[in-house]
Structure formats: C-alpha cells, structure tokens
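Asks: Model the following, please.
(2 chains)
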Amino acid sequence: VSVKELFRRWTYQLFSPGVLLREKYNAFKELLRLDNRCLERVAELEDIVDGPPRADFARVMRLCREMSLDAVALVEQLSSLCPGRWPDLADYVRKIDFYARLALDLPAPDIAPPYLLPLAEATDQLYRAGGKAANLAAVMKTGAPTPPGFVVAASAFSYFLESGDLRPQLDALLAEVDITRQDQLTELCKTMRALVLNAPMPAEIAMAVDQASLELSELMDGAALAVRSSAVGEDGRLSFAGQYLSRLDVAPADAVDAIRAVYASKYEPEAVVYRIAAGLADQETPMAVLVMPLLRGAASGVLHTQDPSAPEQGQAVIYAVPGLGAALAAGERTPETLRASREIAAQGGPLRMVSTLLRAEAAAKLLKVALNLERLFGGPIEMEWALDGQGSPQVLQARGLRVAPPVATPSRTAPELLDETPLLSGAEPAAGGAACGVLRRAKSAAEAVELATRFPNDKNEEGIVLLTPTLSPALARLVGSVSAVLSQRGSRAGHFASVAREFKLPVLVLGDGNADALPEGALVTVDADSGAVYAGRIQAILNRSSQGEPGFAPLKTKVGKVLPHVSRLSLTDPDSPDFIPAKMKSFHDVVRFSHEKGVAEMFSLVGRSGRGLAQAKRLKTDLPFALYVLDLGGGFTEMERSSKSVTPEQLASEPMRALWHGLAAGAATWANGMSSAIPALDFETFDQISAGIFAHDDKILASYGVVAHDYAHLMLRMGYHFAVVDAACGPGCALVRKGEDDCGGECGVAFRFKGGGGALDQRRLRVSFLAGVLGRLGFDLRVVGDMLEARLGHEARDTALKTMFALGRLMTAARFMDVALADEAQVEAAVESFLAGEPERA
Amino acid sequence: MANISVLDDVSDAATLIRRILERKGHSVSTFSEEEAFLAFVAENPPDLAILDIKLKKMTGVEVLEELRKVAPNAKIIMLTGYPTLETARECMRLGAAEYCVKPIDKEELEDKVSEVLQGGLLQGDQGA
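Replies: You can find the predicted model right below:
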C-alpha cells in the first residue's frame, strides 16, 4: 500500500466516514459478485470431472483462465477493503495460477516437416501417421495384400491450423459446446467447419500433395484416389469409427481440397461428440490423412474374425455388399452375412457358404488373411476389405475388435420375465446393454437430432429410445442424448454400432416392418442383450445389464490434475493459524479467504467506528444462532443506538422478519421431533451438527445480514460454505425500477447454496432436496454440481414474504439433510413431508 | 536420510532451505555460485538437488543439463520466482521431478522433497 493511499484512508476516516464506507461497501459488493462467479465456475469444473461428459477440454481451459482473472480481481477488492493487510496475497494467487496452467498444459503441437510419408514407412508412427495408416502399414509389412499409398502427416494438419491462426478461434467455439444441446452443437460445428474450409493450405503441403497424388495415380494406371482420415487416436484404443470423412473417387488434382474436407470433418457434430465423450482434447487428435488408389472391385465389406454377438461359437463373419463399401459402413444397407468356423477357415478347409458376391476362393483367402492378422493385433480383429479389379481381396483397414464378455442372458422363462410378454423379440443386437425410455420415431438422422433437441435427456425425465430407419454414423452425436437406439436396417458391422458398443449405448436392428408394433410415445425397456423390447420399465432387465462406464476417461485424468489447484478447499477453519495466504492452494481457497476476510472487514469496520451507519447488532434469541445484522436504513424499529443487540420484535425489515420467523418455526419443529422425515434432535446435537451456523458465538464465525426496510441480504454460514439469501420486497428494493409505492409485482428472492460438509453424494442429495422444495415454491432453479441457485422474480410482495418464511424453515431443515438422506427416494419423501408441514404463518 | 545440494544465487534463500531440510534430518550443502556447485556435485553426487532458475552466470536450466551429465541419478527440484510454461516444459523434459514456484513455505518444501525422494510422480506428467 502506498503512503498516499494510507493517507487518503486516514483522511477519509477522520473527515468523511460516509465516503469511505460507500467505497468499502462498493468494494464489498464487487467482492460478493466475484465470489459468486468463482464458485459457479468451481462447481461447473467439478461437474465436468464428476458428471457424464458434456464439455470440451477447451471449456476447462477457459474456465480456469476466467477463474484466474476473477481470483486476481477478488484479491484486488479485498486489498481495497483492507489495504496493506496481506502484502503477499497477490504473489500466492499468481503461484496458484501458474500451477493450474501447468497442470492443464498440453504438449505443443508438432508442426515440423516432413509433411508426407509413404504408407510403407508409417509403421509405428502413431503420432505422425495416425492410427489407421499406422495399422495399415503394419498390415502391409506382414505381406497381407494392401494397396499402396501415402500419408499426409498429422504435423501437416497442425501446421495448417497454425498458419491460418485457427486454434484460438476453434477453441473459443469448442468452449461453448455442450454435447447434449443439439441445436447449439449444430451451429457451432458449422462455424468451425467453415473456418477450416476457408483456410488456405500452406504451399509446401499443397505442392507435395499434388505431386504425390499424381505419381500414385500414374502408378495405378490412372486410378482415382480414396482420401481417408487417419486421426491420431483413431483405430487405437478408440475406433473413432466413421466419425471422420473419407472421400472416394477423387481426381489427383482435387486431392488438396479432399484433404481439407477431411480436416473439416473433424468438426462434424458426431466427431466432436465422440471425441469429447472419449475424453480427448482437440489438440490430442490431430488429423493425418491416408491417400490410396480407389479399388473398383465387384464387392467390398467388413470382416470380424470373431462374431462379437456370440464369441463363444468360434465363428468369423464376413459382411459383403456389391461395389464400394460406403453404404455398409454407413449402416444404410443390410449386407449379405457369411459365417464360417474359425477353425476350418484357419486350416483352409472347405467353407460351407453360399454367396452371390464372393467366390469361395476369395472368401477363403480373405478369412486366411484376417486370421493371420490376429497375431499382429493380439486378438480378434475387424477389417475393411475390397476386391480389386482382378477380383482379389485387399485389406483397406484393420483394427482390434472389441468383443464384450458374454452377458449372462436369462432365458425367456427366467422368473423375473415370466409375466412379461415382449412387444418384440428376436432383433439383432448391434450393441449390448439395456435401457429404458420413451419411444420416439425419426425418419432420418436429422430428424433424430431434432427430436433430441426437443426432448433433452434430462436426468429428471425418462430418456429417449430412438427408432430410426437406418444406423447412420451421424447418430453418433446422440451418444449423450438418447438412452437406446432401435433401427429397421443396418448391422453390427456399421460404424455407428462400433461407436455405440464403445459407449455402452444399447442398439437393436429390428428388420423391416417389425417396428410397427411399437407404440410411439410410450415408455419401453430395451434389452439389447437378448434382442427384445418390453412395454414399460422393467427393472429386472435394467439391473441385470452391465451398466459400467466406458473403459476410458482420460479427460477426467487430465482435468483431475488441475483440481487441487482450482477446486480443492484447504482453508476450512477461519479460526486456525493456517488461515493465511501462504496456505492457499487453490482458487477456491482464494475465494474462501477473500470472502471470509471481506465479510469480517465490512462488519468490523462498521462495528469499530459506528459512524454514518448504525452498528451491527446481534440478533437476540433463545435459539443457539449467532446472527449479526447491519441496518442500512429502516431495518430496525426505534431503539438505543448504543444497544449491542436487537430482538426479533425490533426487526422492521419485512423480508428479514419473514425469514426469521421461518428459521424459528423450523428450529421448533425439529426440536420437538414433529417431522417424520427428519430425526428429532436436541439443541446440543443441533449445535454439533450445525458446525458453525448455529454454534459459534464468535462475531467472525457467525452469520451476517445487511437489511433495510424492504431489503435483506444474508450470508448464512453452513459449515465452511454459505447460503446466501437476497430478498427485496417493496418500494425500496433493488429490483424495483419504477420507484412507485406499490411494487407492482417486482419483488424477488434469490437463494444460493453451495457445498457444505459431507461427501459429494450427500451434498448432492441435500441440494436435490432443496431443489425439490424450491421448485414447488415456484423458483427458477439451476443446479451445477453441488451448487444450487434459485430465483423467484416479479412476485407480489405477499408471495415474496411467504417465500422468505418458507426459506427460513427450509434452511433449518437442510442442516440435517446430510444425515437424514440416503437416496433419491428419501429425498422425495422429505420434500413431501416438508411441504405438508408448511404451517400458516402466524 | 538424503544428501541434498542447493543452488540459489541469494545465499540467504539457500540457507533458509538448508535449515528447514536439516531439521528433517537431511544433510544439506548450499551454493550461490554455479561453478562451485557443479564442481561439488561431480565429486559428491547428491540424492537430490534443488536449483533456482535465475542465477548469476548460467540459467538453472543449463545447470540442470550439466547436472544430469555428472550426476544422472540425482533427483531434481526446480525452484523459481519467475515461472513460465516454457521453462517448466523444458525442465520436465530434461528430467526435473518438480517445478516449484516461490514463495514456498516450509510445509510445501518438506512435502515436495519427501515426495520426490520417494520417487513420487512428476507434477507435470506432460502428455505421457
């Protein structure tokens, strides 16, 4: 603090206390605003780590950046409230900021040449050539038949983004993505693709691609080219099946444009959703591109060396379609399916299969090639193949096949299903599992997306069981938005089926005409392990299904590393000697420290000088409840100015009175053990559990309120978190803009509740209870993590006051919810019990 | 207990670190000159070295590189008042176990030293 500032402070205190107070009050209000915003961000970040995937890594980066700015602003406000008190505060904030940035730091993208490499050299080059090309190069090395080709390296993609300065623009858009908000997702993705499509290809890449394309085409007698994605991470642990574009039938001169189109496909909604659901950052999956000659054989398809739907039968399956395989992968077509014993196929023995598309020798060769490749991949594989012009099979792509461990499928006569007649049975499981939801039909993928927009998969409602004509890969974007998918056509071999298996989304192929029996808009249970659909919710099936998480969650690992620097709270006890800046470890600690010290300063300031404003007074009551109230005008009835306390009867602030009556009524209810949902407690236990709000008699550790005749702002301490109530009722209130006597329905109540003690599950249940009650009282609610924000606006004065009374009761009740609530069912009961116990206000 | 060598151009800072760590039973040598430090560790490879980054002649990163040559098994904690992501990445790449930012208090220093001596995970763990 400069001498000048100190001097100014003393001068003001001596001559103009009003000005100083106003400045302090403004700093304090700003501090509360920043505090609020930081806590919201902490809650959102915790949600990203704990909840199902929704947001991109770019959002995490942005949240942390914003929190860092807010933390700096917060300590500035605190410093203007208490100049010179903590000279090292800002240093510690900078330190926390650095640790947070370091924890989120991703390796800088490789933008170095060479930008092209021959396919044969791509073996083991996962990070340069991408998974698909590296796999195919390894296949080529075993001597299996593969077409020649070249790879545009991942570093070329990163260089392309860098030279167009696209990264910051893409990140800004990605930070807005919520994978469950389909309409917004469509728009954001469209903008991102436009950015990519309009960016120039750096000359050194374009020239090299032109030349290599021409050479490849000439080598293959002027063949057209196939330009296929080979993103880093694709075809490795994750399939990214069908998420990215392949351009077929490309003239060599158009290769650069095709490559750019493949780049842009990285920002198709389904690809973005897949990547986010898999927990990868955009920077971690740069796009390499594989360029090969287009094969124009009579047939193409997919081969599984182990039937994933029945691995115990030891059969390999060939799926074949005429011509190019695109329609098969796109799930539009039900292919010819050929099964063969693995054993016989391995011995090259006679195969009993009849095919209109594949000659026996070609099928046998295909199986032999595929089975040989199992050694390379260490298990069953999935392989894309095509016949070349001479009718000889070629491998286009190969990867390890996910074969789910067999699920113990109960027979139709299993006891729990005896009474249930399925609406439909015998459907082909394309991805296993079970789910329940409301059946909704869509005629196309676009219509499905629209449906998901109209009926968001809210956790409070039943999800959607989507019925579609085909298994389009575009459905992948609905992975987080629907509960199950039923399709009339398609197969396990489609890309969408692969994606669904990875994310444990149940998918059934019904066959044409079989969907007619399914009632639109009705609740159904899909058993994708046994291929049946039942009416209503059948808990036995849902319980049986393996509902495990997908086997990967690297975003949690990545974001988890930053949590100690962002959301973990170390400063919990303001009484402890460790409640100092040097012990702050996270932004949350900075918020906690600033709020605690800011509130204390605000009150001690008024308490010390007492000039300009009445002193803060302790509310006098029999309840073990330490609440200090500061009057901004008209909040108390006439009384001795020197009085150190105020009785509830002397409260003239209407919202404060209403709240107080509620608190008192609530405390009386539980003291008498009147409520059945909440255990009876004596005041001793009450003290122990309340951990702060009702126990401490210390001014610093108490709860505080700022009141005026028509206004109340309260910070009620709950353990080491706060409930904040802000209420305006009447002409003096902050919400009134007209300044008339009659507030004309402009009264409002805002309520915020965050955290408290207990495990996260417990805190969530408590928030659930609060939300249940507040929702019924007409509040608009927002729950982020374990933080609840509730607003009731534009109400008549009477309603606002009644609401304050209810809030008072509610907060007393909430104190005990951690101990009283074990699950959601109990939450509902507690909500009902609370509302039933609502007595008329005296 | 461990042999620890500390290099900080402000000798008071090095002394403070020595006091804290000696109380934990470690044997600590402190230096404020790069040459003296490197000459010493070449003869007496430490279990752990704590390096400031802003030094008199060399940077801490250069000392880190030299140290890796003469005492490849020494664990290393970098300590700086002027952190940047670039130097942090560089230090991790060169094998530093921790990159710590000043001001550092007694408890944090003790924790980091004991974590690193027990072979704890790299804090950065960059994209591994």
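Asks: remind me which residues of the stretch 651-800 of chain A are low pLDDT?
Replies: Where the stretch 651-800 of chain A drops to pLDDT under 70, the residues are A:669-702, A:717-722, A:730-746, A:754-760, A:784-785.
Asks: mind running it again at 90?
Replies: In the prediction, the stretch 651-800 of chain A carries residues with pLDDT under 90 at positions A:653-654, A:660-770, A:777-800.
Asks: now do chain B
Replies: Within chain B, the set of residues satisfying pLDDT under 90 comprises B:1, B:11, B:56, B:103-107, B:118-128.
Asks: Spatially central residue for it, please.
Replies: Centroid-nearest residue in chain B: B:I50, 1.7 Å away (criterion: C-alpha atoms, centre = their mean).
Asks: how would you label that residue: helix, strand or coil?
Replies: Reducing the assignment at B:I50 to three states with DSSP: H, G, I helix; E, B strand; the rest coil gives strand.
Asks: do the same with A:G662
Replies: helix.
Asks: Just give the nearest non-adjacent residue to it, would you?
Replies: Leaving out its chain neighbours, the residue that sits closest to A:G662 by C-beta to C-beta, 6 or more residues apart in numbering or on different chains is A:G808, at 2.0 Å. C-betas here are computed from N, CA, C, even on glycine.
Asks: And A:R228, by the same measure?
Replies: A:S246 (4.3 Å).
Asks: Tell me the pLDDT of that neighbour.
Replies: Model confidence at A:S246, given as pLDDT, is 85.
Asks: measure it to A:A261 for me?
Replies: As defined by C-beta to C-beta, to the nearest Å, A:S246 lies at a distance of 10 Å from A:A261.
Asks: And those two? Which one has more around it.
Replies: Ranked by neighbour count (other C-beta atoms under 10 Å in any protein chain shown), A:S246 and A:A261 place A:S246 first, with 22 against 19.
Asks: Roughly how far does the more buried one sit from chain B?
Replies: A:S246 sits at a distance of 28 Å from chain B (criterion: C-beta to the nearest C-beta, to the nearest Å).
Asks: Is A:E789 in a helix, a strand, or coil?
Replies: The local conformation at A:E789, judged by three-state DSSP, is strand.
Asks: for the one 3 residues further on, same thing?
Replies: Reducing the assignment at A:L792 to three states with three-state DSSP gives strand.
Asks: For A:V272, which residues are in contact?
Replies: Residues in contact with A:V272 (C-beta atoms under 8 Å, 6 or more residues apart in numbering or on different chains) are A:D56, A:L174, A:V177, A:I179, A:L185, A:C189, A:K266, A:R477.
Asks: any idea how far A:G143 is from it?
Replies: A:V272 is 38 Å from A:G143, by C-beta to C-beta.
Asks: Then the residue nearest to A:G662 would be within a helix, right?
Replies: Yes. Secondary structure of A:G808, determined by three-state DSSP: located in a helix.
Asks: what sits against it?
Replies: For A:G808, the set of contacting residues under the criterion of C-beta under 8 Å, 6+ apart consists of A:A658, A:L659, A:W660, A:H661, A:G662, A:L663, A:A664, A:A665, A:G666.
Asks: for the fifth one, what are its contacts?
Replies: The reference is to A:G662. When contacts are counted by C-beta under 8 Å, 6+ apart, A:G662 is found next to A:M804, A:F805, A:A806, A:L807, A:G808, A:R809, A:L810, A:M811, A:T812.
Asks: How many neighbouring residues does the second one have?
Replies: Using other C-beta under 10 Å, A:F805 is surrounded by 24 other residues.
Asks: Report the secondary structure state of it.
Replies: Relying on three-state DSSP, one would call A:F805 helix.
Asks: From chain B, how far out is the closest residue to it other than its chain neighbours?
Replies: For A:F805, ignoring the flanking residues on the chain, the nearest one in space by C-beta to C-beta, 6+ apart is A:G662 at 4.1 Å. With the distance defined as C-beta to the nearest C-beta, A:G662 ends up 44 Å from chain B.
Asks: before we move on, the earlier item: ok, the contacts of A:V272 vs chain B, which is closest?
Replies: Closest to chain B out of these is A:D56 (17.2 Å), distances taken as C-beta to the nearest C-beta.
Asks: I'd say the closest one and A:A172 touch.
Replies: No. Checked against C-beta atoms under 8 Å, the pair A:D56 and A:A172 is beyond contact range at 11.0 Å.
Asks: out of the two, which sits in the more crowded spot?
Replies: Neighbours were tallied for A:D56 and for A:A172 using other C-beta under 10 Å; the higher tally belongs to A:D56 (27 against 14).
Asks: residues in contact with that one?
Replies: For A:D56, the residues meeting the contact criterion (C-beta under 8 Å, 6+ apart) are A:L174, A:A175, A:V177, A:V272, A:I276, A:A281, A:D282.
Asks: Spell out which residues of the stretch 1-150 of chain A are next to chain B.
Replies: Within the stretch 1-150 of chain A, the residues that sit near chain B (C-beta under 8 Å from any C-beta of the partner chain) are A:88, A:91-92, A:94-95, A:98-99, A:101-103, A:105-108.
Asks: Can you list which of those are found in strands?
Replies: The strands in this structure, assigned by DSSP state E, contain none of the residues of the stretch 1-150 of chain A next to chain B.
Asks: Tell me the residues on the stretch 301-450 of chain A that lie near chain B, please.
Replies: When proximity is defined as C-beta under 8 Å from any C-beta, the stretch 301-450 of chain A does not approach chain B at any residue.
Asks: which stretches of the stretch 301-450 of chain A form helices?
Replies: Secondary structure of the stretch 301-450 of chain A by DSSP state H, counting those that start in this stretch: the helices cover A:326-329, A:342-346, A:360-377, A:445-454.
Asks: Heading C-terminal from the last one, find the next helix or strand.
Replies: Downstream of helix A:445-454, the first helix or strand assigned by DSSP states H and E is strand A:464-468.
Asks: Return the list of strands paired to that following strand, each annotated with direction.
Replies: Note on strand A:464-468: by DSSP bridges, its sheet partners are strand A:434-441 (parallel), strand A:484-487 (parallel).
Asks: Check which element follows the helix or strand harbouring A:H588 along the chain.
Replies: Taking DSSP H and E as the definition, one finds A:H588 inside helix A:587-609. Next in sequence after helix A:587-609, counting helices and strands by DSSP H and E, comes strand A:617-619.
Asks: Quick one: mean pLDDT for that next one?
Replies: Mean pLDDT, strand A:617-619: 82.
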